[in-house]
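Engineer: missing the sequence, but the structure's below:
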């Protein structure tokens with residue numbers, strides 16, 4: 001029982017932080033559990049459609065490759081089929097995987113004979129500094145991704161020490177699940193495969209490549225067969241892919257994007273510098289390259305080059321988790337001069353600050369989503385005709401709580417709009433064509449998102465909804481528009497709603 005105390009303490013910290021934050025939040029959300037990101041409701045809306053009518057999309061009967069987390073959506077749909085439609089299910093699943101991740105980190109440390117106190121400190125740091133409670137509060141897949149990656153890493157460690165089919169199978173299944181949970185898994189899978197190729201372990205490299213890529217290829221083929229792009233719309237919009245032949249774009253494609261991103265995100269910069277210092281130290285003193293350190297450096301650079309960092313460390317959280325495990329193992333297994341630990345210590349201080357800020361904003365972010373996104377959904381459900389076509393640029397809560405057919409002007413819920421935005425070919429006339437083709441009844445958008453291209457001038461401004469102390473929404477003010485044919489009825493509905 002005593003050996004379970006460190007991870008139990010870590011789990012206790014997560015659950016306590018969540019309980020305090022949501023108890024504060026529900027005082028301002030009508031006693032509703034509201035997640036801290038609108039994106040959570042995108043997954044919940046898709047999962048509901050998968051469970052009820054078999055459609056992978058935000059609108060019944062309309063397939064769209066909205067999310068790059070198909071496994072998470074299947075988990076939500078499966079639990080909804082088993083237990084019913086409850087808004088708390090994503091929170092429960094994310095919490096379970098957060099706690100499982102803490103236990104997995106502890107298993108890795110125990111494997112390297114960490115002391116009780118080392119494990120206790122490491123599990124607490126792991127829980128607080130990723131930070132897991134804010135990630136859970138989003139109601140999204142990030143803790144699930146962390147868990148599967150840690151299982152995969154542990155499986156590969158055990159296989160390296162004692163090659164066996166069972167450990168390779170565990171690592172392969174886990175990395176498949178991680179890839180289907182978040183596509184960023186490729187950033188860490190690629191350098192791992194390269195290491196195995198360099199060591200002439202071609203079978204292992206091939207198995208891991210197939211395990212990571214085959215599920216994504218199958219999902220891409222399924223999406224394409226249903227009229228979507230090979231990549232999910234979210235990646236088309238948010239991925240940092242090369243987009244031109246100018247010298248600036250060439251330099252960005254060759255790594256300048258990662259360097260610039262590291263300059264603006266000191267927590268990731270210090271992780272990279274600490275890893276480089278540790279790898280260099282081992283090379284100088286032992287004459288060998290640290291493959292694990294090199295893989296992690298490569299993964300961070302790949303991520304900073306092609307992906308994003310974001311709210312609550314939600315995009316880069318998996319890298320922070322693996323880095324904490326890496327340095328925890330290094331502390332337990334080596335005697336290193338204190339100078340080498342200055343960089344990890346600096347990173348530790350930055351993560352403490354970021355964690356404190358993230359924890360303090362859980363209740364504020366929940367309130368923001370309630371006051372803006374959920375209020376928009378209430379307006380659609382309570383005041384507009386059932387099934388009315390609504391154009392928006394933030395599709396989560398409106399599609400989950402509302403009672404309308406959603407047209408996404410940002411592109412997350414529509415591949416054609418996503419490609420137009422990706423290629424920078426979206427125009428005002430194209431937006432107008434989308435509105436006419438879908439017989440849009442009303443629009444609810446951030447004006448700041450429609451500077452270029454602008455919204456059609458024929459639209460009539462009805463009013464706006466404004467929130468204060470915004471920390472998470474795309475804008476503090478949502479403006480409601482309507483085409484001339486429905487403007488009078490939408491105005492009447494909005495005035496009665498206010």
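Structural biologist: Noted; the coordinates are in hand. Everything numeric here is computed off the predicted structure, so don't read it as measured data. Numbers count the residues shown, from 1 in each chain.
Engineer: this protein: strands as residue ranges?
Structural biologist: Using DSSP state E, the strands found in the chain span residues 389-392, 405-408, 442-445, 460-466, 477-482.
Engineer: among the ones you listed, which comes closest to residue 315?
Structural biologist: Comparing the strands of the chain by their distance to residue 315 (Cβ to Cβ), the top pick is strand 405-408, with 21.1 Å. C-beta here means a position set from N, CA and C on the backbone, and glycine is covered the same way.
Engineer: in TSV: the strands of the chain, plus distance to residue 352.
Structural biologist: Written out in TSV, the entries for these read as follows (distance: least, Cβ to Cβ, whole Å):
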stretch	distance to residue 352
strand 389-392	37
strand 405-408	38
strand 442-445	38
strand 460-466	34
strand 477-482	34
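Engineer: among the ones you listed, which is nearest residue 292?
Structural biologist: Within these, the stretch nearest residue 292 is strand 405-408; the backing value is 41.3 Å (Cβ to Cβ).
Engineer: residue 149 is nearest to which of the strands of the chain?
Structural biologist: When these are compared (using Cβ to Cβ), the closest one is strand 405-408, at 30.3 Å.
Engineer: packing partners of that closest one?
Structural biologist: Helices and strands touching strand 405-408, as assessed by 3 or more Cβ pairs under 8 Å, 6 or more residues apart in numbering; DSSP states H and E, comprise strand 389-392.
Engineer: pLDDT on the strand it packs on, on average?
Structural biologist: If you average the pLDDT over strand 389-392, you get 96.
Engineer: next, the buried residues of it.
Structural biologist: 389-392 (16 or more other Cβ atoms under 10 Å).
Engineer: direction included, what does that strand pair up with?
Structural biologist: For strand 389-392, the paired strands and their directions (DSSP bridges) are strand 405-408 (parallel), strand 442-445 (parallel).
Engineer: my guess is residue 267 contacts residue 349. True?
Structural biologist: No. Contact between residue 267 and residue 349 fails when scored by Cβ atoms under 8 Å: they sit 9.6 Å apart.
Engineer: higher neighbour count, the two?
Structural biologist: Neighbours were counted for residue 267 and for residue 349 using other Cβ atoms under 10 Å; residue 267 has more, 23 against 12.
Engineer: okay, that one and residue 275: tell me how far apart.
Structural biologist: Spatial separation of residue 267 from residue 275 under the definition Cβ to Cβ, to the nearest Å is 13 Å.
Engineer: so where do the helices sit in the stretch 151-300 of the chain?
Structural biologist: In the stretch 151-300 of the chain, the segments counted as helices under DSSP state H, counting those that start in this stretch are 165-181, 185-198, 202-225, 233-238, 247-251, 257-264, 266-286, 291-306.
Engineer: list the helices and strands the third one packs on?
Structural biologist: Pointing back at helix 202-225 there. Using 3+ Cβ pairs under 8 Å, 6+ apart as the contact test, the elements touching helix 202-225 are helix 165-181, helix 185-198.
Engineer: JSON lines for these, including mean neighbour count and distance to residue 105?
Structural biologist: As requested, these are arranged in JSON lines below (neighbours: other Cβ atoms under 10 Å; distance: least, Cβ to Cβ, whole Å):
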{"stretch": "helix 165-181", "mean neighbour count": "21", "distance to residue 105": "14"}
{"stretch": "helix 185-198", "mean neighbour count": "20", "distance to residue 105": "16"}
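Engineer: same list, those helices, but as JSON lines with mean pLDDT please.
Structural biologist: Rendered in JSON lines, the data for these read as follows (pLDDT from 0 to 100):
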{"stretch": "helix 165-181", "mean pLDDT": "97"}
{"stretch": "helix 185-198", "mean pLDDT": "96"}
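Engineer: okay, those helices in CSV with distance to residue 330 next?
Structural biologist: Shown next, in CSV, are those (distance: least, Cβ to Cβ, whole Å):
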stretch, distance to residue 330
helix 165-181, 21
helix 185-198, 18
